[in-house]
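Enquirer: Give me a 3D structure for the following:
(2 chains)
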Amino acid sequence: MAEHGATVLRVCRAVVGPVDAEDAWSETFLSALRAYPDLPADANVEAWLVTIAHRRAVDVGRARSRRAVPTDTLPDRPASHADPASRDPDLWTALQRLPTKQRQALAYHHVAGLPFAEIAELLGNSPDAARRAAADGLKTLRKYYREDETA
Amino acid sequence: MTTNIFDELDADDGALQRLHSRLERDADAADLLDIAYRTVDTPVGTLLLAATTAGLVRVAYDVEGHDAVLTSLADRISPRVLRAPARLDSVARQIDEYFAKRRKVFEVAVDLRLAEGFRRSVIEHLREIGYGNRESYAAVAAAIGSPRAVRAVGTACAHNPLPVVIPCHRVVRSDGSTGQYVGGPLAKSTLLNLEAA
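Expert: Coordinates of the predicted model:
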């Protein structure tokens, strides 16, 4: 399992952000260790870990929203016509601004390399919807994030 | 073309190491750490050490293939195998001391579940052969009450799950030559010379 640690951490960071990612990672591997003896020998371990990471990330997100303090100001969103230099250079911030499903679809497909059929099972939608969510997410991300990084 | 935007998410080693240590502690606390392992560098190469909650269960030479050994432990004992040096700190320290000639006896809890039946009796007897001593395969066979099972004693030694710690290297041929060894003949003579010096 150790060889998948880095991928799972990237997925967690993309889905829940850098702060909560380590909790999600730890919970993922602890759950995986618990369930590992029941895993079929021919299973795709990385895909299985991403599935667990998805559930743990949802848990961590829930815990965070319970802790969240209400504010009366919404975070600033850069206008799409803003000068590139003024766009938020932080990929985390850009990712956290995406709708959850887009963020998840992006992470599971582009970071973990899961096929859309499996992502659809995780997200409870269709493979087409998962593909669209990833594509829309990437499009928005490119708009918010430094354009030169996405060439 | 689309993945490079995520390069910034690359996990740096520092974070992964920190997370692994945390997993080690959490897994141990949750009784999920069935097999802990680490390696230790010695004059006879890198040794793999593996322990269950009962004790040291396996010592393996490089030539045995550490990955293959871990896979076999996962199959035979439990797939919950984790690199977790803490459980093996004391064994590793004692092995260092042994190779520095500051230790003659290992004081470690052992888990001999990988040696059964006849092989188990051979392994148990090996523990009684003291530092710097040698015994022939025939003498070992006689000592465990199977004087004709000289070859089987050789096989049992070759399958010693805890070489170095359980001294199968102290079993030699009746003509005085060192004979075969799981870590290779060079490792065997290195250990014998170390103890004789």
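
Enquirer: Mind listing the residues bridging to the residue nearest in space to the middle of chain B?
Expert: Among the residues of chain B, the one closest to the centroid is B:Val59, at 0.7 Å (Cα atoms, centre = their mean). Counting by DSSP bridges, B:Val59 forms beta bridges with B:Leu49.

Enquirer: Where does the prediction get shaky in the chain?
Expert: No chain specified, so I'll use chain A. Chain A contains residues with pLDDT under 70 at A:1-2, A:65-89, A:146-151.

Enquirer: try chain B instead
Expert: In the predicted model of chain B, residues B:1-5, B:7-13 satisfy pLDDT under 70.

Enquirer: can you pull out the strands in it?
Expert: B:35-42, B:45-51, B:56-60, B:81-83, B:135-136, B:171-172 (DSSP state E).

Enquirer: and chain A, which of its residues are near chain B?
Expert: A:2, A:5-6, A:9-10, A:13-14, A:22, A:25-26, A:29-30, A:33-34, A:36-37, A:39, A:91, A:110-111, A:138, A:141-142, A:145, A:149-150 (Cβ under 8 Å from any Cβ of the partner chain). Yep, even glycine has a C-beta here, placed from its N, CA and C like the rest.

Enquirer: Filter these down to the buried ones.
Expert: A:5-6, A:9-10, A:13-14, A:22, A:25-26, A:29-30, A:33, A:36, A:91, A:110-111, A:138, A:141-142, A:145 (16 or more other Cβ atoms under 10 Å in any protein chain shown).

Enquirer: How is chain A partitioned into domains?
Expert: With domains defined by automatic domain parsing, chain A comprises A:1-67, A:82-151.

Enquirer: Also chain B?
Expert: B:7-99, B:117-196.

Enquirer: coming back round to it: sort out for me which of the residues of chain A next to chain B are in helices.
Expert: Counted as lying in helices by DSSP state H, out of the residues of chain A next to chain B, are A:5-6, A:9-10, A:13-14, A:22, A:25-26, A:29-30, A:33-34, A:91, A:138, A:141-142.

Enquirer: mind listing the helices for chain B?
Expert: B:13-29, B:66-76, B:89-99, B:117-126, B:137-143, B:150-158, B:185-196.

Enquirer: Residues in contact with the third one: which ones?
Expert: So that's helix B:89-99. B:38, B:40, B:42-43, B:47, B:49, B:51, B:56, B:85, B:103-104, B:106-108, B:164-165, B:194 (Cβ atoms under 8 Å, 6 or more residues apart in numbering or on different chains).

Enquirer: Now with 10 Å, please.
Expert: B:38-44, B:47, B:49-51, B:55-56, B:59, B:85, B:88, B:102-110, B:131, B:162, B:164-165, B:190-191, B:194-195 (Cβ atoms under 10 Å, 6 or more residues apart in numbering or on different chains).

Enquirer: Check the second one too.
Expert: With contacts defined as Cβ under 10 Å, 6+ apart, helix B:66-76 is touched by A:36-37, A:41, B:34-35, B:37, B:39, B:46-48, B:50, B:52, B:57-61, B:64-65, B:79-81, B:83, B:113-114, B:161.

Enquirer: do the same with the fifth one
Expert: Contacts made with helix B:137-143 from outside it, assessed by Cβ under 10 Å, 6+ apart, are listed as B:121-122, B:125-126, B:128-129, B:135-136, B:146-154, B:156-157, B:168, B:170-174, B:179-180.

Enquirer: at 6 Å what do you get?
Expert: B:His125, B:Pro147, B:Ala149, B:Val150, B:Val153, B:Gly154, B:Val171, B:Ser174 (Cβ atoms under 6 Å, 6 or more residues apart in numbering or on different chains).
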